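In: take a look and give me a structure for this.
(2 chains)
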2 protein chains.
Amino acid sequence: MQNIIIASTSTIHGSGYLDYILDELTVFFKNVDTILFIPYARPSGISHDDYTEKVSNAFKKINKSVLGIHSFENPVEAINNAEAIFVGGGNTFVLTYQLYKNNITEVLKNVVKGGTPYLGTSAGSNICGLTIKTTNDMPIVYPPNFNALALVPFNINPHYLDPNINSEHMGETRETRIKEFHNFNTPPVIGLREGSWLKVEGNSIILKGHLAARIFEYNKMPYEVNPETELNHLK
Amino acid sequence: MQNIIIASTSTIHGSGYLDYILDELTVFFKNVDTILFIPYARPSGISHDDYTEKVSNAFKKINKSVLGIHSFENPVEAINNAEAIFVGGGNTFVLTYQLYKNNITEVLKNVVKGGTPYLGTSAGSNICGLTIKTTNDMPIVYPPNFNALALVPFNINPHYLDPNINSEHMGETRETRIKEFHNFNTPPVIGLREGSWLKVEGNSIILKGHLAARIFEYNKMPYEVNPETELNHLK
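Out: I've put the predicted structure just below:
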């Protein structure tokens, strides 16, 4: 049975790394001692070691050990043996490139489908969708394709941002970008605002946190859903 | 001799399509009657016909005819025979995908290198760089690669946007994204603010418009350059 948290962000304004969601993670990881961390997305180009240390420090607060996947000789084995997995944010293209390069896309999908608890934030949430085609990131490396883990039957847009009506900037709004996605693709997109997450348990997908999420379905007007809404119907 | 305008945007806030740059275009296209328009980037999913009509209406103001490349049976011939070429904005991934699909990447590069006047705005400017890896667009389709026309020896970031110091949003700033680019790539990146353009004549590359541009070089602090600065040294 799948057991997944798909979080918009690791950090909300004015608080520390993962602080806003630590209570939830205490429950989510209650049967877990050690979390396998995948640091491949490398925010701001941080090294795998430094990123793992940052995550380790956050999880110490709830008495969990963290091991970086880069410290294992065999990353496939590391994933197969993991009690739980966390994929952190950064650049979604870099993350996807590294997952394919290390041949762990399929095994990661399989263990999570099989029940290994999975936490994703930002880029680590993008890859839970069908494709990475609704990432906000710059395409700084060329991955072998845009297909993601397809743990949920739709796409994620993390860090969802409402249009700034006072802006004089002529670049596209997030909503415009997602509408452009639907000119070429049909899956729904969930715009997850910072502080929101999806809780996936088996076939149940529920919006969590204090904020509404914005749902974009093909050929429909976008609409808002409130926390605690079941999103199983989206596909 | 190359003769290129690489513009950040087609439109600045509060004015009509291409209005801000029409005086420059009158001079740039002074020996041209008909402009070949490449509408592939399809902003907001607009059709090739509708996009071409919009562009045609703008160029009527300076007495130029516009023909959309999609109206030609043979796009390679259309490019080879063009008096001048305009590639408009929209989604850079869609544009790149269509250029490769129609096998016109090489011929487009060759005619522009050979002297056919080329105007690019936004996505049409992104493709003038080495790669499309510094586009701001969502990767809504998967192009066969990220290599662009390499008409200039650096990358472009159009619609360059300064960080909003009042924002509580935790997504990356444009500067952070371009710095991430430099963790995996070495070419310089020119952040072109809306209303700026690069004028390329032979080996001369000059910043035009009223605004400074922000230059990102590998392993250097980003810096500003003023209008009329020669940027030939960047590579």
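
In: got the contact list for the lengthiest helix in chain A?
Out: The residue-count maximum for a helix in chain A (DSSP state H) belongs to helix A:48-60. For helix A:48-60, contacts defined as C-beta atoms under 8 Å, 6 or more residues apart in numbering or on different chains pick out A:16-19, A:22, A:25, A:35, A:37, A:39-40, A:42-43, A:46, A:65-68, A:70-71, A:86, A:88, A:90. The way it works is simple: take the backbone N, C-alpha and C, and place the C-beta from them, glycine included.

In: helices and strands of chain A: which one bottoms out on pLDDT?
Out: helix A:174-181 (a mean of 95; mean pLDDT, DSSP states H and E).

In: got the CA positions of it in CSV?
Out: Provided in CSV are the C-alpha atoms of helix A:174-181 (Å, rounded to 0.1, in the frame of the first residue of the first chain):
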residue,chain,number,x,y,z
ARG,A,174,2.1,30.3,-13.4
GLU,A,175,-1.6,29.8,-14.4
THR,A,176,-0.8,30.8,-18.1
ARG,A,177,2.1,28.2,-18.1
ILE,A,178,-0.1,25.4,-16.8
LYS,A,179,-2.8,26.3,-19.4
GLU,A,180,-0.1,26.1,-22.1
PHE,A,181,0.8,22.6,-20.7
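
In: the residue positioned nearest the centre of chain A: helix or strand, and which one exactly?
Out: Ranked by distance to the mean C-alpha position of chain A (C-alpha atoms, centre = their mean), the top residue is A:S125 at 1.0 Å. Secondary structure assignment for A:S125, by DSSP states H and E: helix A:123-126.

In: for that helix, what is the average pLDDT?
Out: Taken as a whole, helix A:123-126 carries a mean pLDDT of 98.

In: cool, and stretch A:189-206?
Out: Averaging pLDDT along stretch A:189-206 gives 97.

In: pull up the distance across that stretch, start to finish.
Out: End-to-end span of stretch A:189-206 (C-alpha to C-alpha, to the nearest Å): 15 Å.

In: equivalent analysis for stretch A:142-156, please.
Out: End to end - C-alpha to C-alpha - stretch A:142-156 spans 20 Å.

In: my guess is A:V87 meets A:T116, correct?
Out: No - using C-beta atoms under 8 Å, A:V87 makes no contact with A:T116, being 12.0 Å away.

In: for A:G114, list the residues it contacts.
Out: A:G114 touches nothing, counting by C-beta under 8 Å, 6+ apart.

In: and it, what are its phi and psi?
Out: Phi and psi for A:G114, reported as degrees, to the nearest 10, are phi -80, psi -10.

In: stretch A:209-225 near chain B anywhere?
Out: No - Stretch A:209-225 stays clear of chain B (C-beta under 8 Å from any C-beta of the partner chain), getting no nearer than 11.9 Å.

In: buried residues in that stretch, which are they?
Out: A:209, A:211-217 (16 or more other C-beta atoms under 10 Å in any protein chain shown).

In: also stretch A:16-29?
Out: A:17-18, A:20-21, A:24-25, A:28-29.

In: what's the end-to-end length of that stretch?
Out: 19 Å.

In: measure how far it is from the centre of its chain, please.
Out: 15 Å (C-alpha atoms, centre = their mean, to the nearest Å).

In: contacts for that stretch, please.
Out: A:3, A:5, A:7, A:10-12, A:35, A:54-55, A:57-59, A:61-62, A:64, A:84, A:117, A:119, A:121, A:195, A:197, A:208.

In: and the strands in chain A?
Out: A:3-7, A:34-38, A:65-68, A:85-87, A:118-121, A:155-157, A:189-191, A:197-201, A:204-208, A:213-216, A:223-225 (DSSP state E).

In: elements contacting the first one?
Out: With contacts defined as 3 or more C-beta pairs under 8 Å, 6 or more residues apart in numbering or on different chains; DSSP states H and E, the packing partners of strand A:3-7 are helix A:22-28, strand A:118-121, strand A:197-201.

In: skipping adjacent residues, who's closest to the most far-flung residue of chain A relative to its centre in space?
Out: Each residue of chain A has a distance to the centre, and by C-alpha atoms, centre = their mean the biggest one is for A:E168: 30.8 Å. Nearest non-adjacent residue to A:E168, counting by C-beta to C-beta, 6 or more residues apart in numbering or on different chains: B:H13, 3.8 Å away.

In: residue contacts, the one you found?
Out: Per C-beta under 8 Å, 6+ apart, neighbours of B:H13: A:168-170, B:194.

In: ok, now A:H70?
Out: By C-beta under 8 Å, 6+ apart, A:H70 lies in contact with A:39, A:48-49, A:52.

In: output those residues as JSON lines; include the columns pLDDT.
Out: Converted to JSON lines, these look like this (pLDDT from 0 to 100):
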{"residue": "A:P39", "pLDDT": "98"}
{"residue": "A:H48", "pLDDT": "98"}
{"residue": "A:D49", "pLDDT": "98"}
{"residue": "A:T52", "pLDDT": "98"}
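
In: list just the nearest of those to chain B.
Out: Comparing the contacts of A:H70 against chain B with C-beta to the nearest C-beta places A:H48 closest, at 12.5 Å.

In: burial count for the closest one?
Out: Applying other C-beta atoms under 10 Å in any protein chain shown, we find 17 residues neighbouring A:H48.

In: for chain A, give me the ranges with low pLDDT.
Out: Along chain A, segments meeting pLDDT under 70 are nowhere present.

In: recalculate using a threshold of 90.
Out: Scanning chain A for pLDDT under 90 picks out A:162-172, A:233, A:235.

In: fine, thanks again, bye for now.
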